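> Predicted model, plus sequence, below.
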Amino acid sequence: MVPGYTGYIPKHEDHFGTRYAENCKNAIDDFARDMNTSKDRRKQLTRQPPKTPVRVEAKPYVSLNQVQHSVSPYFMNINNPAKTFMPGYTGFIPRARSRFAMDYPNLTREALVDFTQRQQHLKKLDKKPVVLNQQCEKSNASSPGCKQAIYINGGLLPHYTGYLPGHKFRFGDTFGTSSRYFHAAANRRSTTAY
């Protein structure tokens, strides 16, 4: 190498204490020697017969020290005493925020039982039809006096993501005030229509 060369020279950091040209020659010789030995090693590895696996798939690991749960606590029966999370579990536990002053197993058990009961109740309600007005269901629903209101009195909640007719043309008000205007206008139209 010409003195003053600023490019990379492999293995140059291992050689020092002599002139630049001599350090560079020794470094390049070391690099060439390492390349030749790695080529020889690769040739030896390719000459060996291919390895055959002992098994097609690994055996499943079963710990001898820990009890294995086959059912998640979410799906266990309400009367099952094991319907709880193990102490140290840091994941989300539904319905547990409002419970205080209990030990962890009882707290999680009570929260999971409450969650399971609510889910079962929602499954029962899922099959029932939605009734907007109880009086309309008892009487003839097609009568003119039977109005089925969709929007409740007052403004809607700020994070309501449903459709609010005409809302995109109103501006300069808060969401609640703007939705109150819609509700008042809808009531005026429904009373004048009959």
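Good, I have the coordinates.
> per-domain residue ranges of the chain.
Residue ranges of the domains in the chain are recorded as 12-45, 73-126, 134-193, according to automatic domain parsing.
> Tell me the gap between the shortest one and the middle of its chain.
Put plainly, it is domain 12-45. Its chain's C-alpha centre and that of domain 12-45 lie 52 Å apart, by C-alpha atoms, centre = their mean, to the nearest Å.
> What's the local residue count around T177?
A total of 11 residues lie near T177 under the criterion other C-beta atoms under 10 Å. For every residue, glycine as well, the C-beta is placed using N, CA and C.
> What is the subsequent helix or strand relative to the longest helix anywhere in the chain?
When the chain is parsed with DSSP state H, its longest helix is helix 20-47. Going down the chain from helix 20-47, the next helix or strand is helix 104-126, by DSSP states H and E.
> Name the residues that touch that next one?
Taking C-beta atoms under 8 Å, 6 or more residues apart in numbering as the criterion, the residues outside helix 104-126 that touch it are 73-74, 76, 78, 81, 83-85, 87, 89, 93-96, 99, 102.
> which among those residues end up buried?
Buried residues within the contacts of helix 104-126, defined by neighbour count using 16 or more other C-beta atoms under 10 Å: P73, M76, K83, T84, F85, I93, R95, A96.
> Quick check: the two most widely separated of these?
The most widely separated members of these, counting by C-beta to C-beta, are M76 and A96 (16.2 Å).
> how about P94, what does it touch?
Contacts were defined as C-beta under 8 Å, 6+ apart; by that measure P94 touches A111, L112, F115.
> mind redoing it with 10 Å?
With contact set as C-beta atoms under 10 Å, 6 or more residues apart in numbering, P94 has these partners: Y74, A111, L112, D114, F115, T116, R118, Q119.
> Name the member of those residues with the most neighbours.
Greatest neighbour count in those, by other C-beta under 10 Å, goes to L112: 22 neighbours.
> Distance of that residue relative to E22?
Relative to E22, L112 is positioned 77 Å away (criterion: C-beta to C-beta, to the nearest Å).
> What separation is there between R170 and L164?
Separation of R170 from L164 (C-beta to C-beta) stands at 9 Å.
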